[in-house]
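# Build me a structure from this.
(chains A, B, C and D)
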There are 2 protein chains.
Amino acid sequence: MKTLVKDTTSDLSAQIASALRDAIISGHLRVDQRLPSEAELAEEFNVSRPTVREALKRLAAQSLIRTQRGAFGGAFINRIAFEDAYGQHVTTSTLLLSMNAVSFDVACEARFAMERACAPYAASRRSADHLATMRAEIHRQSQQGLSDESWCASDVAFHRALVDAARNPVLSYQLAGSVEAMQPLMNMITFTARNRETIISLHSEIADFLEICDSVAVEHRLNKLCDYTKTLAHDIIASKSKTK
Amino acid sequence: MKTLVKDTTSDLSAQIASALRDAIISGHLRVDQRLPSEAELAEEFNVSRPTVREALKRLAAQSLIRTQRGAFGGAFINRIAFEDAYGQHVTTSTLLLSMNAVSFDVACEARFAMERACAPYAASRRSADHLATMRAEIHRQSQQGLSDESWCASDVAFHRALVDAARNPVLSYQLAGSVEAMQPLMNMITFTARNRETIISLHSEIADFLEICDSVAVEHRLNKLCDYTKTLAHDIIASKSKTK
DNA sequence: AGACTTTTAAATGTATGACAAATGAAAACT
DNA sequence: AGTTTTCATTTGTCATACATTTAAAAGTCT
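Sure thing, here's the model as predicted:
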């Protein structure tokens, strides 16, 4: 029987989950390796099966394991795919911003700082596909009568294409949190036709300079975009406080 | 009774967790608000209490809720703190790198690209405290007989101080994943005295230029550090394949 | 009346036992 | 040999019971 030497403040399922998680992170358990059955784990840790199951669900929520029913089924160490991680990262980042009253400026600054970091690689590695995606989104943004929500979604898609153009999955993963998590904040802004025009022209320039591999110019336009976005947010806040 | 219209492929606890998660993210449930009791949720979703508990544990694993025992206890929507998010982010990032065979170069490139993004802000906002932390770590790195593990830990501490100097919690949070997740990869490198000397001198220069607010020079040194680290890793790989 | 103690109800934490459903291997059968 | 059936194993779900914690409410003493 394995004994849990962890703190006694948390419940058993948390301690068991923690023990298993440590084993996974340390590499004692390899990818696709099968964990003991729930009944065996219950005996090992000297707890009941529901308690073991609660622990396993905690790990499943982090995509650390997957489960399969039937004979020769069980819980298997999961190879975390970038796609799995995206979702969790975006969820956490979104709530971090909305719950901690992170100011628009701080979130904006972080997002564009990281996008600028992608610019040099994006400029040298962008494919025709990436450019096509960006131009398609620019075209969508130019359409009349686009709702603010759709506009923001297209904005995210444009910037994701920019980030993906750097062809570094780690950068894409990390950036996803910053870019997508800002969408709820962006949705609070009402974009006028004039606002959109300014942003679209910057988007166009970014695509153009990316095409001719001028990363310095891209970074400059990202800076302008950052400043303009912050200005818009400030105007909204100012007009709201005036109304009140 | 709430009905779950989600896919029938996943189990009930996953569906219930998903439904509650959506409610939290959408803002229908506010921070510190109490969820219905497990018994009430069981009735609402028409499932048993153990199933509800599994769903709640999934949410707890993501720090979305916290539970409290006793009368007037229950599950409460949790305000995710940056510290809570750090841990999850580092865990996920670490496993992403180790399980997906992300090359050292790709991880290194992402990490230093993001650090460079912090440089301008760090240069203009660094406090005496940040500089002191960095110099303290440099001093530690200069000590004879420091184990490779301690060396790497100090390296992480140095770079975290650099990132924190930008005074943007969102950047610090995002960077934590890239910087700390690389530690296992870095631990595979054996640092000779000569290697360390080179790195320490770059660290010193970074601290110096940060002190005089020269962000361009800092970025340049970060680039050199990135290149040198990659060179070290290549040498290790080359010598290993030669031995084999 | 006020401060302290006890009771009590409500909620989560844990255990036990049972059955359903899925699944792949082995056995039985063509 | 190929197909079908059986079967043991394992997860998914439910029902019930009890332990433990907690804070409010009731009771008690000064």
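
# ok, then the element right after whichever strand or helix holds A:Ser150?
Following DSSP states H and E, one finds A:Ser150 within helix A:148-164. Per DSSP H and E, helix A:148-164 leads on to helix A:169-181 as the next helix or strand towards the C-terminus.

# So for that following helix, mean pLDDT?
For helix A:169-181, mean pLDDT is 90.

# then that helix to CSV, C-alphas only?
Provided in CSV are the C-alpha atoms of helix A:169-181 (Å, rounded to 0.1, in the frame of the first residue of the first chain):
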residue,chain,number,x,y,z
PRO,A,169,4.2,25.8,-32.2
VAL,A,170,5.4,26.9,-28.7
LEU,A,171,4.9,30.5,-29.6
SER,A,172,1.5,29.8,-31.2
TYR,A,173,0.5,28.0,-28.0
GLN,A,174,1.6,30.7,-25.6
LEU,A,175,0.2,33.5,-27.8
ALA,A,176,-3.2,31.8,-28.0
GLY,A,177,-3.7,32.6,-24.4
SER,A,178,-3.0,36.3,-24.8
VAL,A,179,-4.7,36.8,-28.1
GLU,A,180,-7.9,34.9,-27.5
ALA,A,181,-8.3,35.8,-23.9
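
# tell me which parts of chain A are close to DNA strand D?
Neighbours of DNA strand D within chain A, by Cβ under 7 Å from any atom of the strand: A:35, A:37-39, A:49-50, A:53, A:56, A:67-75. From N, CA and C alone the C-beta is placed, and that goes for glycine too.

# Keep only these that also lie close to chain B.
When Cβ under 8 Å from any Cβ of the partner chain is applied, the members of the residues of chain A next to DNA strand D adjacent to chain B are A:Pro50, A:Arg53.

# Now do the helices in chain A.
Per DSSP state H, chain A carries helices over the ranges A:12-26, A:38-45, A:49-61, A:82-99, A:104-125, A:128-142, A:148-164, A:169-181, A:183-186, A:193-211, A:215-243.

# Which of those sits closest to B:Ile212?
Each of the helices of chain A has some distance to B:Ile212 by Cβ to Cβ; the shortest is helix A:104-125, at 21.2 Å.

# Let me know the average pLDDT across the closest one.
Averaged over helix A:104-125, pLDDT sits at 94.

# ok, and does that helix reach over to chain B?
Yes - counting by Cβ under 8 Å from any Cβ, chain B has neighbours in helix A:104-125: A:Val106, A:Ala107, A:Glu109, A:Ala110, A:Arg111, A:Ala113, A:Met114, A:Arg116, A:Ala117, A:Cys118, A:Pro120, A:Tyr121.

# any idea of the angle that helix forms with helix A:169-181?
Relative orientation of helix A:104-125 and helix A:169-181, computed by axes from the mean of the first three to the mean of the last three Cα atoms, to 10 degrees: 140 degrees.

# roughly how far out does helix A:104-125 sit from the chain middle?
Put simply, helix A:104-125 sits 14 Å off its chain's centre (Cα atoms, centre = their mean, to the nearest Å).

# now that helix and helix A:148-164, what's the angle there?
Using the same axes, to 10 degrees, helix A:104-125 lies at 50 degrees relative to helix A:148-164.

# Buried residues, helix A:104-125. List them.
A:104, A:106-123 (16 or more other Cβ atoms under 10 Å in any protein chain shown).

# Against which helices or strands is that helix packed?
Helices and strands touching helix A:104-125, by 3 or more Cβ pairs under 8 Å, 6 or more residues apart in numbering or on different chains; DSSP states H and E, are helix A:148-164, helix A:169-181, helix A:193-211, helix A:215-243, helix B:104-125, helix B:169-181.

# any chance of these in CSV, with distance to B:Lys240 too?
Output for the helices and strands packed on helix A:104-125, formatted as CSV (distance: least, Cβ to Cβ, whole Å):
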stretch, distance to B:Lys240
helix A:148-164, 32
helix A:169-181, 23
helix A:193-211, 38
helix A:215-243, 35
helix B:104-125, 12
helix B:169-181, 22
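
# Between these, which one is closest to DNA strand C.
helix B:169-181 (27.1 Å; Cβ to the nearest atom of the strand).

# Show me what the closest one is packed up against.
helix A:82-99, helix A:104-125, helix A:169-181, helix B:82-99, helix B:104-125, helix B:148-164.

# Can you give the contact residues for it?
A:93, A:96-97, A:100, A:102, A:106-107, A:109-111, A:113-114, A:170, A:174, A:177-178, B:82, B:85-86, B:89-90, B:92-94, B:96-97, B:107, B:110-111, B:114-115, B:117-118, B:121, B:156, B:159-160, B:163-164, B:166 (Cβ atoms under 8 Å, 6 or more residues apart in numbering or on different chains).
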